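**Q** with the input below, show me the fold.
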Amino acid sequence: MRVHFIAIGGSAMHNLAIAMHKKGYKVSGSDDEIFEPSKGRLAKLGLLPSKEGWNAELITKELDSVILGMHARADNPELLKAKELGLKIFSYPEYIYEETKNKTRVVIGGSHGKTTITAMILHALHFHKMDCDYLVGAQLEGFDTMVKLSKEAPIAVIEGDEYLSSPIDRRPKFHLYQPNIAILSGIAWDHINVFPTFDNYVEQFRVFCGLIRPGGALVYCEMDEEVRKLGEAVKDIKQLPYGIPEHSIENGITYLHHAKNKIPLAVFGEHNLMNLKGAMLVCRELGMSEEDFCKAATSFKGAARRLELVARNEQTAVYKDFAHSPSKLKATTQAVKKQFPKRKLIACMELHTFSSLNESFLAEYDGSMALADEAIVYFNPHTIEHKKLKPITEEQVKKAFGGTNVKIFTDSSALKENLLGMNFKEKTLLMMSSGTFDGIDLKELGEKVTKG
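**A** Now for the predicted structure:
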């Protein structure tokens, strides 16, 4: 099989290319820009394009499939050539389905928690040596790639993103997987550039629930009102609601209570406990006992950048998290505050996504970091300009977050200097962003804070 990737350098695309290479397919690809770690990983396997840019001559009748990434545009010369030759053109979610259509597909959907739940399920399956294929949105400990596709595995575990599939396919990715077992973790309005109203956004999840295969199962978080309504409305599908499992926190360690046992966890927070319960129900549907799931859960350390410990000493700890939307900020700040109730919490987040930097969406952040003793919000005006959005002011942002505990920064050097000037004795620092705070090295920052 010969497969060509248009925009091979993307996070999901380069992982899929590697997976197909390992499966024995002949893989080629192109892109107009490829950054690390994609560049190095592709080069190591001989998959890195010889030069950057698009080349229609790479598209020939000998190709069995062309996979189109979101980074490409609808007028891409390679795409136009593929159409001209009548080749099979797939978005990467379409291709994932094509490769897993004869397997039991588990699809994890929701505005938040997708990567963590997927990671929890994969960790448990891996722990008990249950073979599976997978697609996950972060690099996981113990897994070489973010995508695995094989001939042998009977199960495919897929993180189901609700964003668009490709430049020529405007369907949300998770509409294409047709799950046998689905999980829905929560609904909080996001991607307003694609889903302009909350009702329009919720509709995508209603469609997702309707695509579960006959006789399948829907595991859903009953603590979320919108999710509960969708879960209770499904027909001819097994309904498996979940909430916050019984637990306790002792000396900074969270224990899951199950069958009269207290299982120590490396992760914490009510949102992660709900994620764990949802993952347990999925694994139960796959034939794993709850007892066996708990044996695996105690060694789960979390997915990359999901409440990831950066540095700590006896008096302080520094965490980083991917949180950027209002619901994620609330859940993450609450988790850290409850885990360390005697310490003050310094919570710092970056407005980086299209939605978060949109003037009309800012009000959604009201109270999202209210539990922090000191809240810091960073944004770069140049990022707003790059995304071609209307400028926002520091005053607008402070008002949107709605609290006297909020400080605003628009210069990353000033932000870093401010943090390093703080006394972190009996305090916890939480850094939240889907970006990089414009180049702040969080590992270096954490080391300086904990040595300070």
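**Q** where do the helices sit along the protein?
**A** For the chain, the helices defined by DSSP state H cover 11-22, 38-44, 77-85, 92-100, 114-127, 198-210, 225-233, 270-285, 290-297, 326-339, 381-386, 394-401, 412-420, 442-451.
**Q** need the residues that contact the last one.
**A** When contacts are defined by CB atoms under 8 Å, 6 or more residues apart in numbering, helix 442-451 is touched by residues 310-313, 316-318, 320, 416, 419-420, 422, 424, 429, 431. From N, CA and C alone the C-beta is placed, and that goes for glycine too.
**Q** restricted to strands, list those.
**A** When the contacts of helix 442-451 are checked against strands (DSSP state E), the matches are 310-312, 316-318, 320, 429, 431.
**Q** please check those and keep the buried ones.
**A** By neighbour count, with 16 or more other CB atoms under 10 Å, the ones in strands among the contacts of helix 442-451 hold 310-311, 316-318, 320, 429, 431 as buried.
**Q** if we can go back for a sec, can I get the ones in strands among the contacts of helix 442-451 in CSV with distance to residue 120 and pLDDT?
**A** Listed next are the ones in strands among the contacts of helix 442-451 as CSV, based on distance: CB to CB, whole Å; pLDDT from 0 to 100:
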residue, distance to residue 120, pLDDT
310, 21, 95
311, 24, 96
312, 23, 94
316, 28, 95
317, 22, 95
318, 24, 97
320, 19, 96
429, 26, 98
431, 23, 98
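**Q** out of the helices of the chain, nearest to residue 155?
**A** Of all those, helix 114-127 sits nearest to residue 155, with 7.2 Å by CB to CB.
**Q** count the neighbours of the closest residue to residue 61 other than its chain neighbours for me.
**A** Of all residues beyond its chain neighbours, the one nearest residue 61 is residue 85 (5.7 Å), with distances taken as CB to CB, 6 or more residues apart in numbering. The number of residues packed near residue 85 is 12, by other CB atoms under 10 Å.
**Q** for residue 85, give its distance to residue 63.
**A** Distance, residue 85 to residue 63, by CB to CB, to the nearest Å: 8 Å.
**Q** dump the helices of the chain to CSV, plus distance to residue 68 and mean pLDDT.
**A** Converted to CSV, the helices of the chain look like this (distance: least, CB to CB, whole Å; pLDDT from 0 to 100):
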stretch, distance to residue 68, mean pLDDT
helix 11-22, 9, 95
helix 38-44, 17, 96
helix 77-85, 6, 98
helix 92-100, 8, 96
helix 114-127, 23, 96
helix 198-210, 21, 97
helix 225-233, 30, 98
helix 270-285, 30, 97
helix 290-297, 37, 98
helix 326-339, 29, 94
helix 381-386, 24, 93
helix 394-401, 37, 95
helix 412-420, 35, 97
helix 442-451, 34, 96
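**Q** other residues contacting stretch 312-320?
**A** 305, 307-311, 336, 340, 343, 424-433, 442, 445-446, 449-451.
**Q** now do stretch 288-305
**A** With CB under 8 Å, 6+ apart, stretch 288-305 has contacts from 115-116, 118-120, 123-125, 127-128, 130, 136, 138-141, 256, 258-259, 261, 263-267, 272, 276, 279-280, 283-284, 308, 320-322.
**Q** residue 214: what's it in contact with?
**A** By CB under 8 Å, 6+ apart, the contact list for residue 214 reads residue 236.
**Q** what residues are up against the residue lying closest to residue 391 once chain neighbours are set aside?
**A** Nearest residue to residue 391, sequence neighbours excluded (CB to CB, 6+ apart): residue 384, at 5.9 Å. Counting by CB under 8 Å, 6+ apart, residue 384 makes contact with 357, 390-392.
**Q** name the nearest residue to the residue nearest to the spatial centre of the chain, sequence neighbours excluded.
**A** Among the residues of the chain, the one closest to the centroid is residue 115, at 4.4 Å (CA atoms, centre = their mean). Using CB to CB, 6+ apart and skipping residues adjacent in sequence, the residue nearest residue 115 is residue 137, 4.6 Å away.
**Q** repeat for residue 9
**A** In space, and not counting its chain neighbours, residue 9 is closest to residue 34: 3.4 Å by CB to CB, 6+ apart.
**Q** residue contacts, the one you found?
**A** Going by CB under 8 Å, 6+ apart, residue 34 touches 8-9, 14, 42, 48-49, 52.
**Q** picking that back up, restricted to buried residues, select the contacts of stretch 312-320 in PyMOL.
**A** Only the buried entries of those go into this PyMOL selection, using 16+ other CB under 10 Å:
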select buried, resi 305+307+308+310+311+336+340+343+424+427+428+429+430+431+432+433+442+445+446+449+450
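**Q** can you give me the domain boundaries for this protein?
**A** If you go by automatic domain parsing, the domain ranges for the chain are 2-87, 95-297, 308-451.
**Q** gap between the last one and the chain center?
**A** Averaging C-alpha positions (CA atoms, centre = their mean, to the nearest Å) puts domain 308-451 18 Å from its chain's average.
**Q** mind checking the end-to-end distance for that domain?
**A** 19 Å (CA to CA, to the nearest Å).
**Q** please apply the same query to the second one.
**A** Looking at domain 95-297, the gap from its leading to its trailing residue is 31 Å under the measure CA to CA.
**Q** from now on call the first residue 87
**A** Taking 87 as the first residue, the last one we looked at is domain 181-383.
**Q** how far does it sit from its chain's centre?
**A** 11 Å.
**Q** now do stretch 96-104
**A** 15 Å.
**Q** give me the contacts around that stretch.
**A** Stretch 96-104 has contacts (CB under 8 Å, 6+ apart) with 89, 91, 93-94, 113, 115, 117, 120, 124, 127-128, 131, 133, 153, 155-157, 178, 181-182, 221, 223, 231-233, 235.
**Q** same question, stretch 351-363
**A** Taking CB under 8 Å, 6+ apart as the rule, stretch 351-363 contacts 198-199, 202-203, 206, 271, 307, 309, 328-331, 333, 335, 339-342, 383-388, 393, 417-418, 420-422, 424-425.
**Q** of these, select the buried ones using a PyMOL command.
**A** Entered in PyMOL, the line below selects the buried ones among these, by 16+ other CB under 10 Å:
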select buried, resi 198+199+202+203+206+271+307+309+328+333+340+341+342+383+386+387+388+393+417+418+420+421+422+425
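**Q** re the thing from before, pull out the buried members of the contacts of residue 470.
**A** Burial by neighbour count, 16+ other CB under 10 Å: within the contacts of residue 470 this picks out 443, 478.
**Q** could I get the contacts of residue 470 as JSON lines with distance to residue 275 and pLDDT?
**A** Output for the contacts of residue 470, formatted as JSON lines (distance: CB to CB, whole Å; pLDDT from 0 to 100):
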{"residue": "443", "distance to residue 275": "15", "pLDDT": "95"}
{"residue": "476", "distance to residue 275": "19", "pLDDT": "95"}
{"residue": "477", "distance to residue 275": "23", "pLDDT": "95"}
{"residue": "478", "distance to residue 275": "18", "pLDDT": "96"}
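**Q** switch the contacts of residue 470 over to TSV; also include distance to residue 284.
**A** Output for the contacts of residue 470, formatted as TSV (distance: CB to CB, whole Å):
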residue	distance to residue 284
443	19
476	21
477	25
478	21
